[in-house]
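next one to model:
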Amino acid sequence: MNTSQNLQVSKRPWWSFGHVWLLIAGPAIVVVAGFFTYYLAVRSPDPVLPTQMPSQAASGQGAGISEAPAVQARNHAATGTLPPTDSSKKP
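This is a model prediction of the structure:
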C-alpha cells in the first residue's frame with residue numbers, strides 16, 4: 001500500500017468497518033436476551049405449592065411434604081405434584 005491508500009482507509013468512518021459491528025453484536029445480543037429472559041420471568045412466575053398433603057391440611061393433622069419418604073419427595077420435586085394419599089398404609 002502506498003501513502004495515499006492509507007489516508008483513504010483512515011478517512012472512512014468507524015461504522016463502515018464490518019469487524020466493528022461484529023464486536024458490537026455480541027454484547028448487544030446478550031443484553032436483548034437478558035431483557036427477554038426478564039420478560040418471561042415476570043410474565044409467568046412459578047406457582048407456590050402447598051407444603052402439606054390436601055387431606056392432612058384440611059384436618060390439621062399429620063406431617064407435611066418434608067417428612068414424606070425419599071422416593072415421594074424426589075417425585076414431588078421432579079413433577080411438582082403432591083404424592084397420593086393412601087389411608088390403608090397407616091402404621
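
got the CA coordinates for stretch 35-49 in PDB?
C-alpha atoms of stretch 35-49 as PDB (Å, rounded to 0.1, in the frame of the first residue of the first chain):
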ATOM      1  CA  PHE A  35     -34.400  -8.400  28.700                       C
ATOM      2  CA  PHE A  36     -36.300 -11.300  27.100                       C
ATOM      3  CA  THR A  37     -35.500 -13.600  30.000                       C
ATOM      4  CA  TYR A  38     -36.700 -11.000  32.400                       C
ATOM      5  CA  TYR A  39     -39.900 -10.600  30.500                       C
ATOM      6  CA  LEU A  40     -40.500 -14.400  30.600                       C
ATOM      7  CA  ALA A  41     -39.800 -14.500  34.400                       C
ATOM      8  CA  VAL A  42     -42.200 -11.600  35.100                       C
ATOM      9  CA  ARG A  43     -44.900 -12.900  32.800                       C
ATOM     10  CA  SER A  44     -45.200 -16.400  34.200                       C
ATOM     11  CA  PRO A  45     -43.800 -16.800  37.700                       C
ATOM     12  CA  ASP A  46     -43.600 -20.200  39.300                       C
ATOM     13  CA  PRO A  47     -46.600 -21.100  41.500                       C
ATOM     14  CA  VAL A  48     -46.100 -21.600  45.200                       C
ATOM     15  CA  LEU A  49     -47.000 -25.200  46.200                       C
END
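
what about residue 72, distance to residue 81?
10 Å (Cβ to Cβ, to the nearest Å). The way it works is simple: take the backbone N, C-alpha and C, and place the C-beta from them, glycine included.

please read the previous query as pertaining to residue 24.
Taking Cβ to Cβ, one finds residue 24 at 47 Å from residue 81.

so where's this protein uncertain?
1-10, 52-69, 71, 76, 80, 82-91 (pLDDT under 70).

so where's the longest helix in this structure?
helix 18-43 (DSSP state H).

and stretch 12-19, how far apart are its ends?
Start-to-end span of stretch 12-19 (Cα to Cα, to the nearest Å) is 14 Å.

tell me the phi and psi of residue 12?
Main-chain dihedrals, residue 12, degrees, to the nearest 10: phi -70, psi 140.
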